[in-house]
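*Asks:* Fold the following for me, if possible:
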Amino acid sequence: MDAIVFLLVNGVKDWGCERFEAAHARRLSEMGVDPVAYRWSDHINLLPRPIPPELVKHISDSEGSWRCYVLEGDFLEKIEEEVNNWVDEWDVIDPDLGGLIRMAFLLSPGAIFAFEPQGEVVDYVYSQKNSDWVYLKIRSVLDRKEKLEGFIATGAS
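*Replies:* Predicted coordinates:
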């Protein structure tokens, strides 16, 4: 699945997992972005980025220290394979995207999750959603029997 997945959190400074320096750390620092990246699992890395302009308008509380991460790795492919039954049951590896979203929404009420399929626009904005809803929504848009949609979901603040 070719998509960009963003996660915006307020006040979260440490994810409690392996830290590493992001690529282009100097350039990120010059843009005012902390260049620390995190390895959430073998399938998900959180890479710091400037907050995209299309997501800034969804920040409900402009105070604090908002951080933006692009989620990178093969987690979408793993979930897509499972949802569509493309692999044998014993081959499926849970990339723990649900755990990451739960942690983000717990540590940062009002967190923002954006799923932008390549070549698609964001079709819907969902407000006041919880982490379980966001995870199930990701699974549903990766189901090839359902309509692919880009979306932004904001957590309950």
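*Asks:* which stretches of this structure form strands?
*Replies:* Listed in chain order, the strands of the chain (DSSP state E) span 3-10, 18-21, 36-41, 44-49, 66-72, 112-117, 122-129, 150-155.
*Asks:* Let's have these in TSV, adding mean pLDDT, distance to I101 and mean neighbour count.
*Replies:* To be clear about C-beta, it is placed using only N, CA and C from the backbone, and glycine gets the same treatment. Written out in TSV, the entries for the strands of the chain read as follows (pLDDT from 0 to 100; distance: least, C-beta to C-beta, whole Å; neighbours: other C-beta atoms under 10 Å):
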stretch	mean pLDDT	distance to I101	mean neighbour count
strand 3-10	94	8	21
strand 18-21	92	19	12
strand 36-41	94	10	19
strand 44-49	96	10	21
strand 66-72	95	10	20
strand 112-117	94	6	23
strand 122-129	92	10	13
strand 150-155	94	9	22
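*Asks:* Which of those strands sits closest to E80?
*Replies:* Closest approach to E80 among the strands of the chain (C-beta to C-beta): strand 3-10, 10.0 Å.
*Asks:* Within the sheet, what are the partner strands of that closest one, with directions?
*Replies:* The strands that strand 3-10 pairs with in its sheet are strand 66-72 (antiparallel), strand 112-117 (antiparallel) (by DSSP bridges).
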